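> how does the following fold in three dimensions:
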Amino acid sequence: MISYFFIPELNNHDVQELWFQQDGATCHTARATIDLLKDTFGDRLISRFGPVNWPPRSCDLTPLDYFLWGYLKSLVYADKPQTLDHLEDNSRRVIADIRPQMLEKVIENWTSRLDYIRASHGSHMPEIIFKM
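Numbers count the residues shown, from 1 in each chain. Okay, here's the model as predicted:
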């Protein structure tokens, strides 16, 4: 998928400054995969075994994981798009509708998560209340 779809699609766009981030799942970090991604993104790769290591407890800490993907998915798929064009239109519309106030709340939540992780010396966060 990376070789035959993702990278050719990237080549159709101006993405010279694009960073690539993936989680540290072992299925995503095979040596061949990481080498291919390093060749494509250089030092702009955030991944386990990449130039920028995937942070521990990242699902608890990364706003993309704990908020954005679920939020976008719930809205993008709300009307059950049946075509790729419809899915792309929904994605563009939902992303364009994100307001600065929402992002400010995400950052507030993120900083409280960081404070919790520091105070608990890296333990899980069962007491975090997810507010948006």
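
> what's around residue 26, how many residues?
7 (other CB atoms under 10 Å). Yep, even glycine has a C-beta here, placed from its N, CA and C like the rest.

> that one and residue 32: what is the separation?
When distance is defined by CB to CB, to the nearest Å, residue 26 is 13 Å away from residue 32.

> just checking, next helix/strand downstream of the helix or strand bottoming out on mean pLDDT in the chain?
The helix or strand of the chain with the poorest confidence is helix 58-61; it has a mean of 62 (mean pLDDT, DSSP states H and E). Downstream of helix 58-61, the first helix or strand assigned by DSSP states H and E is helix 63.

> could you list every helix and strand in contact with that next one?
Contacts defined by 3 or more CB pairs under 8 Å, 6 or more residues apart in numbering; DSSP states H and E place helix 63 against helix 100-119.

> identify each buried residue in the helix it packs on, please.
106, 109, 113, 116, 117 (16 or more other CB atoms under 10 Å).

> all the strands of the chain, in order from the start?
Ranges of strands within the chain are 20-21, 45-46, based on DSSP state E.

> other SSEs contacting the last one?
What that stands for is strand 45-46. Using 3+ CB pairs under 8 Å, 6+ apart, strand 45-46 sits against strand 20-21, helix 31-41.

> relative to residue 19, how far out is residue 75?
For residue 75, the distance to residue 19 - CB to CB - is 24 Å.

> more neighbours, the two?
Set residue 75 next to residue 19 and count neighbours by other CB under 10 Å: residue 75 wins out with 16 against 11.

> bridging residues for residue 46?
In this entry, residue 46 is beta-bridged to residue 21, residue 52, by DSSP bridges.

> pretty sure it contacts residue 64?
No. Using CB atoms under 8 Å, residue 46 makes no contact with residue 64, being 10.4 Å away.

> neighbour-wise, which of the two wins?
residue 46 (20 against 14).
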